[in-house]
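A.B. asks: Structure, please.
(chains A, B, C and D)
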There are 2 protein chains.
Amino acid sequence: MATIHDVAKLAGVSIASVSRMLAGENVRSAEAIRQAISDLGYRPNASARGLRLGKHHCIAVIVPDIANPYFAALVRGIEERFMTQGFRIIVASSDEQFSAESELLGNLVDAVDAIAIVPAEEGERTRRLLAALNKPVVLIDRSVGDEPGFDLVNVDNTSGAKAAADYLLSLGHRRIGIISGRQDTVPGRARHQAFLATLAAAGVDVPVEAIKIGEFSRDFGRRAAQELIQQGQIGAAPGAGAAGITALFVANNTMAQGALLALHAAGVSIPRELSFICFDDFDLAELLPAPVTVISRPAIAEGHAAADLLLRRIEHFGSTNQPPLEHKVLPVSLTIRQSCAAPPFN
Amino acid sequence: MATIHDVAKLAGVSIASVSRMLAGENVRSAEAIRQAISDLGYRPNASARGLRLGKHHCIAVIVPDIANPYFAALVRGIEERFMTQGFRIIVASSDEQFSAESELLGNLVDAVDAIAIVPAEEGERTRRLLAALNKPVVLIDRSVGDEPGFDLVNVDNTSGAKAAADYLLSLGHRRIGIISGRQDTVPGRARHQAFLATLAAAGVDVPVEAIKIGEFSRDFGRRAAQELIQQGQIGAAPGAGAAGITALFVANNTMAQGALLALHAAGVSIPRELSFICFDDFDLAELLPAPVTVISRPAIAEGHAAADLLLRRIEHFGSTNQPPLEHKVLPVSLTIRQSCAAPPFN
DNA sequence: CTGAAAGCGCTAACAC
DNA sequence: GTGTTAGCGCTTTCAG
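C.D. replies: I've put the predicted structure just below:
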């Protein structure tokens, strides 16, 4: 690999001139240097530059699971923005584990200029971990306490859950079930509470038997739906099911897929026996026997927004006038398809 | 950030001793050093180490599109292996563009020790580009010419396509259509040819009107299916369609999703009017009105295999006795669900 | 077993 | 405008 010295020698100048030209300064023998650079196929050594400048032009992106389509799209959005700015992206999956996340962060801090993260855990220890990094951080989708102290991008979970509830209500449903994600996360809590509050405001109470709370995973979604079925909440014989629910809200796509799997296996007909609505769109949602009505959110746009916030903060990092903390909330939208209908008589 | 000097001073030794301890050598004051390290929260600076050693403990992973679930799973597999070995992963999407890929590679080479890549293009110029990197490279899914000169991991496309053809044949289909991906790629070619060859061996010819070849994209899949429908190959009135096809093979998941969308929009009933089978499993394939029968491949395992090959090559890199080039072919399997049936009478 | 010192490739004073 | 030079933090000779 050619170094700056080789270039300087070939061009007949000092290494300083080469370095300057590379930095965009005016140099007399610019042409000769350019020539030498291309002759030698010289490219500056990233480690040396990183060592010298304390900058790496590299961002760490940590998500719970890169194989989850939502996170993949999010990463894509972040990538799109940063690549055009000459930054590299290191992506890693935390597996929803604080310990893994903490280890990853430990390995990556020294190699990156900033961190974009969907934290595995929203507790105080995550906030401390992140703060200790002493680097620009942007939180995505989830927060870390009420006063995170970092920029934050997420979607309007409350409006989304409210829209879902209003829609179900407008269809005439009064006995509604809900499968929610972990309540120690912002999306988990916001969606759960907004949904129930909207129903409550309309005089509709959700009995505890019809509330399932657990991991944001396909597996939990499936188990929760199975329980609902076994309890007779869903799919009881028509007429007999006065106690059962006529509609189900599921708080994210992975859980929804699991629930759909269980519902399908049990032969529950959607929307005839049960109206189904969930948060997050997913691939092929429109191809299902009853195309699923969803609250969709803009994953790629979230990635862009997060990148923009981070870029701004990187720019001002170290200087005294930090831009104020920003919390960007992106809108979600109700995509009506065919998984919801008026409740059956009984 | 604490440096090795701080640690040395606190432990009352020279920086050399600290460095040695870190390298695993025996040192008298190991205990004091360990203490100092943890007191200061010291972690070696990656750039400095990279500069000094010419190694970065970092791998570049380049895929066409990280938002494609197959590639996301592949990346996950690679990640799993490397993370436990203390390597970082830089992921980037090439968008199926040689130019983008080439630029990415240019930006990344100096920062990584090896490259895992699903090349956007399989031509000679990609081979040259990769060879010029002078780093360990593993090709995944696609090759770069007949003599790539790199380790390669892919799946048994031929057997998979053959299995699909045999299955359709065994069901009694004789008029079969195919939607294939770009023929300048290994998977595109292998699947296409094996499928047609298997049919031909059974005396079944596929008319040119029933062969669609294009991008491996959802969009092309949709267009191809639409054409098939418009041409009267699919969905013609029963009895009238002696010229139409009774089964369709689609060569990958994204095209299959597009085709399914078009078929669904046109009201084609699967498998009553048309049997449908495709390469690659996809999320929720089992939830569709007619759960899709597929040839599934082990994305995560491919990632593991690629990582293992690369690890081995990194280890021996520079030494004289290079391990021989390896081409690892992983098996695929036919997952029978309900999208295929015997052809309708007419 | 240990410390001093050289140097990886680069940038940014500093002096001209 | 230009060249010289001092490190960035680390590993690794080389003496001891």
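A.B. asks: ok, for residue A:66, nearest residue in space, not its chain neighbours?
C.D. replies: With sequence-adjacent residues excluded and distances taken as CB to CB, 6 or more residues apart in numbering or on different chains, residue A:66 is closest to residue A:93, at 4.9 Å. The way it works is simple: take the backbone N, C-alpha and C, and place the C-beta from them, glycine included.
A.B. asks: pretty sure residue A:253 is in contact with residue A:70, am I right?
C.D. replies: Yes: counting by CB atoms under 8 Å, residue A:253 does reach residue A:70; the two are 6.5 Å apart.
A.B. asks: Mind checking what secondary structure residue A:56 has?
C.D. replies: coil (DSSP: H, G, I helix; E, B strand; the rest coil).
A.B. asks: show me the contacts for it.
C.D. replies: By CB atoms under 8 Å, 6 or more residues apart in numbering or on different chains, residue A:56 lies in contact with A:46, A:50, A:88, A:111-113, B:47.
A.B. asks: distance of residue A:264 from DNA strand C?
C.D. replies: Counting by CB to the nearest atom of the strand, to the nearest Å, the gap from residue A:264 to DNA strand C is 58 Å.
A.B. asks: quick one: that residue from DNA strand D, how far?
C.D. replies: Taking CB to the nearest atom of the strand, one finds residue A:264 at 55 Å from DNA strand D.
A.B. asks: what about that residue, how many neighbours?
C.D. replies: 18 (other CB atoms under 10 Å in any protein chain shown).
A.B. asks: Name the helix or strand for it, please.
C.D. replies: In the assignment (DSSP states H and E), residue A:264 maps to helix A:253-265.
A.B. asks: Off-centre distance for that helix?
C.D. replies: 21 Å (CA atoms, centre = their mean, to the nearest Å).
A.B. asks: now stretch A:155-165
C.D. replies: Worked out by CA atoms, centre = their mean, stretch A:155-165 lies 16 Å from the chain centre.
A.B. asks: Same check on stretch A:313-330?
C.D. replies: 20 Å.
A.B. asks: Between the two ends of it, what distance do you get?
C.D. replies: Start-to-end span of stretch A:313-330 (CA to CA, to the nearest Å) is 20 Å.
A.B. asks: Can you check the pLDDT for the residue in chain A positioned nearest to DNA strand D?
C.D. replies: Nearest to DNA strand D, among the residues of chain A, is residue A:28, at 2.3 Å (CB to the nearest atom of the strand). Listed pLDDT for residue A:28 reads 92.
A.B. asks: Just want the phi and psi numbers for it.
C.D. replies: Main-chain torsions, residue A:28, degrees, to the nearest 10: phi -60, psi -50.
A.B. asks: What is the longest helix along chain A packed up against?
C.D. replies: Longest helix of chain A, by residue count under DSSP state H: helix A:299-316. With contacts defined as 3 or more CB pairs under 8 Å, 6 or more residues apart in numbering or on different chains; DSSP states H and E, the packing partners of helix A:299-316 are helix A:69-83, strand A:114-117, strand A:137-140, strand A:151-155, strand A:327-330.
A.B. asks: For the residue in the stretch 1-150 of chain A that DNA strand C sits nearest to, give me the pLDDT.
C.D. replies: Residue nearest to DNA strand C within the stretch 1-150 of chain A (CB to the nearest atom of the strand): residue A:4, separated by 2.9 Å. Looking at residue A:4, its pLDDT is 92.
A.B. asks: tell me which residues of the helix holding residue A:264 are tucked away?
C.D. replies: Neighbour-count burial for helix A:253-265, counted by 16 or more other CB atoms under 10 Å in any protein chain shown, picks out A:253-264.
A.B. asks: likewise stretch A:22-38?
C.D. replies: Here stretch A:22-38 shows A:22, A:27, A:32-33, A:36-37 as buried, counting by 16+ other CB under 10 Å.
A.B. asks: Skipping its backbone neighbours, what lies nearest residue A:199 in space?
C.D. replies: residue A:165 (5.3 Å).
A.B. asks: Show me what whatever helix or strand residue A:295 lives in is packed up against.
C.D. replies: Assigning secondary structure by DSSP H and E places residue A:295 in strand A:293-296. Packed against strand A:293-296 by the contact rule (3+ CB pairs under 8 Å, 6+ apart) you find helix A:157-171, strand A:275-279, strand A:333-335.
A.B. asks: contacts for it?
C.D. replies: A:160-161, A:163-164, A:167, A:253, A:256, A:276-282, A:285, A:332-340.
A.B. asks: what is the rounded mean pLDDT of that strand?
C.D. replies: 96.
A.B. asks: What pairs with it, parallel or antiparallel?
C.D. replies: strand A:275-279 (parallel), strand A:333-335 (antiparallel) (DSSP bridges).
A.B. asks: which of these is buried the deepest?
C.D. replies: Among those, strand A:275-279 has the highest mean neighbour count (mean count of other CB atoms under 10 Å in any protein chain shown), at a mean of 27.
A.B. asks: Tell me the confidence at the residue nearest to residue A:91 when sequence neighbours are not counted?
C.D. replies: Spatial nearest neighbour of residue A:91, chain neighbours left out: residue B:91 (4.5 Å); criterion: CB to CB, 6+ apart. Looking at residue B:91, its pLDDT stands at 84.
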